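Undergrad: Task: produce atomic coordinates for the following.
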Amino acid sequence: MAERKSVQFNRREFSYFLSNTGKALRMPVFGYTFLYFMFVRILGLALLFCCLACFKTLAQAEHVTTTRIAFGSCNDQRKAQPLWQEIIKTDPALWVWLGDNIYADTDSMPLMQQYYNLQLQHSGYKKLLQTCPVTGIWSDHDYAGDNADKLFRKKQQSQQLFLDFMGTGKNEAIRKQEGIYRTYTLGEGNKKVKLILLDGNYHRDPFRKLFRLYLPDESRDILGEAQWAWLEKELSNSDASVHIIASGLQVLPHSMAYTNWSAYPAARARLLQLLEKTKPNIPLIISGDRHVGELSKYELQGYTQPLYEITSSGMTHFREAKKGGNRYRVGEQVGALNFGLLQINWGKDTTTITMQVRGEKGSVYIAKTVEYTLN
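TA: Purely as a prediction, here's the structure:
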């Protein structure tokens, strides 16, 4: 027969009787009561602080009305870098490198490390690092050298140096990934921005060249199948309100005179069709490489606004602006030192995005404002 248990209390202690033995376990009431109430009190305070923290985070997110993202490319670590103070003045929430962040042009990893260290020691860049987080991608000159592609034999080592430069943790999964493609999310709720950082070097087939021309080749690819699968997943399952695709090479412009996605027509078409298929909220492209700044647009099916691409290049050197060479261009090219700025103004029913290419002394070379209706 199972033993029966009973509890009896008096003023100073409670007794726990085992009825079939007649024995009792006596414990002081005060000690256990005190511990019980202290436990309840601490638990209550912990829950209160958690709730207050959640409410504070939600209130801050609700209060955010503007998000600024600055970006740039083609930065020679050995040259003057006059734009950092101008960039800091715009008060960006994030700085995005778009490639050629340094000019290494080497397969010597110790030398590449020296060049990265030189950039990290630049006083203007150090000030930026104190004001906002930094992320980005690479292009050919910081990956290896001019037009370097998937055949570069030290690409794994180069990737580790790039990730060190970006401040990536030693144990993060991207350290073992083949390529630097990844995402960066800014904001939350209906004010979330997803930055999709493409790797256009690690898996890219070589350009098909004829003298100084870059010939289109349907059989060649830029991203590689693993990155394509990742990209489709990131676009399909996203709850972000704005999607910014970062590419080292320009995507929209068509020209055989310089490097861009038109040398890989199948890959370019695949990217645009993927956007039409997955229909992410407010897609934009930012790019570098060209040593000029410009704005391009393309009509995507299923969207009320065109797909815009903002190109910003370069930060330490530039080319003379030209009239032709890009039938998708909006306005004029910028032949001056420049950086890009996206200013996202969050409204109740609409989101307004101002796309700028800016320069020294507060110069604004390109400014385009587009209003988007929230889904």
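
Undergrad: On the pLDDT front, check the closest residue to Met109 other than its chain neighbours for me.
TA: Of all residues not flanking Met109 in the chain, Gln157 sits nearest, at 5.0 Å (C-beta to C-beta, 6 or more residues apart in numbering). Glycine gets a C-beta too; all of them are placed from N, C-alpha and C. pLDDT for Gln157: 99.

Undergrad: and the helix or strand containing Gln157, what does it pack onto?
TA: Gln157 belongs to helix 155-165 when assigned by DSSP states H and E. Under the contact criterion of 3 or more C-beta pairs under 8 Å, 6 or more residues apart in numbering; DSSP states H and E, helix 155-165 touches helix 109-120, helix 140-143.

Undergrad: can you count the residues close to Arg182?
TA: 21 (other C-beta atoms under 10 Å).

Undergrad: can you check Gly169 too?
TA: 9.

Undergrad: what are the ranges of the helices in the protein?
TA: 29-63, 84-89, 109-120, 123-129, 140-143, 155-165, 225-236, 265-278 (DSSP state H).

Undergrad: residue contacts, the most centrally placed residue in the chain?
TA: Among the residues of the chain, the one closest to the centroid is Tyr184, at 3.4 Å (C-alpha atoms, centre = their mean). Listed by C-beta atoms under 8 Å, 6 or more residues apart in numbering, the contact set of Tyr184 reads Leu94, Thr135, Lys194, Leu195, Leu197.

Undergrad: And for Val330?
TA: Contacts of Val330 (C-beta under 8 Å, 6+ apart): Leu295, Ser296, Lys297, Tyr308, Lys368.

Undergrad: Check Ile174 too.
TA: Leu163, Thr168, Ile180, Arg182.

Undergrad: Name only those of the residues you listed that count as buried.
TA: Leu163, Thr168, Ile180, Arg182 (16 or more other C-beta atoms under 10 Å).

Undergrad: Going by distance to Val334, which of the contacts of Tyr184 wins?
TA: Leu94 (22.0 Å; C-beta to C-beta).

Undergrad: Roughly how far does the closest one sit from Leu197?
TA: The gap separating Leu94 from Leu197 is 12 Å, by C-beta to C-beta, to the nearest Å.

Undergrad: Need the overlap of contacts for these two.
TA: Thr135, Tyr184.

Undergrad: Now for the residue nearest to Val251 when sequence neighbours are not counted, how many residues are close by?
TA: Once flanking residues are discounted, Val251 sits nearest to Trp261: 4.7 Å by C-beta to C-beta, 6+ apart. Neighbours of Trp261 under the rule other C-beta under 10 Å: 22.

Undergrad: just Gln114 next, same as before
TA: 14.

Undergrad: How about the contacts made by it?
TA: Gln114 neighbours (C-beta under 8 Å, 6+ apart): none.

Undergrad: how about stretch 325-335: buried residues?
TA: So, applying 16+ other C-beta under 10 Å, buried residues of stretch 325-335: Asn326, Tyr328, Arg329, Val330, Gln333, Val334, Gly335.

Undergrad: roughly how far apart are the fifth one and Asn117?
TA: Computed with C-beta to C-beta, the distance linking Gln333 and Asn117 is 34 Å.

Undergrad: Kindly report the same for the third one.
TA: Using C-beta to C-beta, one gets 38 Å for the distance from Arg329 to Asn117.

Undergrad: Report the residue ranges of every domain in this protein.
TA: Following automatic domain parsing, the chain resolves into domains at 5-51, 65-373.

Undergrad: need the least confident one among those, by mean pLDDT.
TA: The bottom spot among the domains of the chain, by mean pLDDT, belongs to domain 5-51, with a mean of 52.

Undergrad: about what we covered before: restricted to strands, list the contacts of Val330.
TA: Leu295, Ser296, Lys297, Tyr308, Lys368 (DSSP state E).

Undergrad: Any of those residues buried? List them.
TA: Here, 16+ other C-beta under 10 Å leaves Leu295, Ser296, Lys297, Tyr308 buried among the ones in strands among the contacts of Val330.

Undergrad: who's the first one bridged to?
TA: Residues found in beta-bridge contact with Leu295 (criterion: DSSP bridges) are Ile310, Val330.

Undergrad: distance of it from Ile310?
TA: 6 Å.

Undergrad: Now list whatever residues contact both of the two.
TA: Met355, Val357, Ile366.

Undergrad: Was I right to think the first one contacts Ser296?
TA: Read that as Met355. No: applying C-beta atoms under 8 Å, one finds Met355 not in contact with Ser296, separated by 10.7 Å.
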